[in-house]
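*Asks:* only geometry, no sequence info:
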């Protein structure tokens, strides 16, 4: 193998390596990074400066009270596997004075790629293990698209339709806004009866009531990570008597993610966005561009350099038969004779000269010589 062949072979190997790496980053490394983790430890808060709620201890309606909903997410990595993750969520709604207004707990298994809830692993909502959780469990999938998604609402305990509402910006980060409005929907029958006068009725006897909830929830989602960086929940709870009339508002608030949590989640989403762009877009293109270098080298080695010009001029050209240039006066003619320009040159064939032949042909030449 010549040196040029060795260089070309090496270049071809390098090109194959570069193209393979470009394909692997796009089709293997990036997709394998799009799995929701088994482990999870996240706490965020939604707050309202002025909420209205019914104090069930005294059955008094209190207004203008600051409230905070603390949501905690924890993963159960032992219960999950390569395809399924299991997370447990705790949601505690409390006043600024520490009085609990509402509480929810749920355990949900979901597909790590799609984020859709699956039936396994001992899921439950509060004390109810019969509730079937469907739709998105906790968040949108990686690469969230501008379209609607089914999502599970833990307060309503049912699947609702999350619709796409448009583009927005949160903390300088491009996000997509999704939302839904559901209700009033029945959530539960209160275990204890409520006095009629609390419900605005003249009768003082206690009555059975059910709690109905109307929720408008808006999510600002960074699409690459599928992470909600901001959440707004406008919620109204009412107590409804058996005649299907809402008698009193038991809770009303406009809850929004705390500013500190918005910043933290936006920073996390931005970090994932940078990783996705580098792995999916930048690295494959970089490898393909670098592959052009060995391609150029291989093409250049295939071009053979031309040798020096060996063409000769007419002055130094050798005519057929090895004779010298006709411009030289002493050049011998063909057949080995001398130059035709010399008087004593012998003619072709070795005969006498033309002058001698003339003397022989003149009549009386011998007699003249004798006289």
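*Replies:* Yep, that arrived. Nothing here was measured: the structure is a model prediction, and the numbers come from that model.
*Asks:* from residue 44, how far off is the most centrally placed residue in the chain?
*Replies:* The residue lying closest to the centre of the chain (CA atoms, centre = their mean) is residue 280, at 3.9 Å. Taking CB to CB, to the nearest Å as the measure, residue 280 falls 28 Å from residue 44. To be clear about C-beta, it is placed using only N, CA and C from the backbone, and glycine gets the same treatment.
*Asks:* same question, residue 266
*Replies:* 12 Å.
*Asks:* then residue 80?
*Replies:* Residue 80 is 22 Å from residue 44, by CB to CB.
*Asks:* next one: residue 193, what pLDDT does it get?
*Replies:* With respect to pLDDT, residue 193 scores 86.
*Asks:* can you get me a residue count around it?
*Replies:* 11 (other CB atoms under 10 Å).
*Asks:* which pLDDT value belongs to residue 60?
*Replies:* Looking at residue 60, the pLDDT reads 87.
*Asks:* could you do the one 4 residues further on as well?
*Replies:* You'll see residue 64 listed with a pLDDT of 94.
*Asks:* for residue 361, same thing?
*Replies:* 45.
*Asks:* where does residue 180 sit: helix, strand or coil?
*Replies:* strand (DSSP: H, G, I helix; E, B strand; the rest coil).
*Asks:* contacts only, for it.
*Replies:* By CB atoms under 8 Å, 6 or more residues apart in numbering, residue 180 lies in contact with 151, 160-163, 215-217.
*Asks:* so how far is residue 23 from it?
*Replies:* Taking CB to CB, one finds residue 180 at 40 Å from residue 23.
*Asks:* likewise residue 204?
*Replies:* 77 Å.
*Asks:* among the two, which residue is more densely surrounded?
*Replies:* residue 23 (13 against 9).
*Asks:* what about the strands in the stretch 101-250 of the chain?
*Replies:* 117-118, 124-125, 149-153, 158-170, 173-189, 194-195, 206-207, 210-222, 227-240, 246-257 (DSSP state E, counting those that start in this stretch).
*Asks:* with distance to residue 139 added, can I get those strands in a markdown table?
*Replies:* Below are the strands of the stretch 101-250 of the chain laid out as a markdown table (distance: least, CB to CB, whole Å):
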| stretch | distance to residue 139 |
| --- | --- |
| strand 117-118 | 12 |
| strand 124-125 | 18 |
| strand 149-153 | 9 |
| strand 158-170 | 11 |
| strand 173-189 | 11 |
| strand 194-195 | 37 |
| strand 206-207 | 40 |
| strand 210-222 | 8 |
| strand 227-240 | 6 |
| strand 246-257 | 13 |
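*Asks:* of these, which is nearest residue 94?
*Replies:* Nearest to residue 94 among those is strand 246-257 (11.8 Å), distances taken as CB to CB.
*Asks:* three-state assignment of the closest residue to residue 253 other than its chain neighbours?
*Replies:* Leaving out its chain neighbours, the residue that sits closest to residue 253 by CB to CB, 6 or more residues apart in numbering is residue 51, at 3.6 Å. What three-state DSSP gives for residue 51 is strand.
*Asks:* what about residue 51, distance to residue 210?
*Replies:* 21 Å.
*Asks:* who has more neighbours, these two?
*Replies:* More neighbours surround residue 51 than the other of residue 51 and residue 210, with 23 against 15 (other CB under 10 Å).
*Asks:* which secondary element of the protein has the worst mean pLDDT?
*Replies:* Lowest mean confidence among the helices and strands of the chain (mean pLDDT, DSSP states H and E): helix 365-370, at a mean of 39.
*Asks:* before we move on, the earlier item: name whatever forms a beta bridge with the residue nearest to residue 253.
*Replies:* residue 65 (DSSP bridges).
*Asks:* so what's it up against?
*Replies:* Contacts of residue 51 by CB under 8 Å, 6+ apart are 63-67, 95, 251-253.
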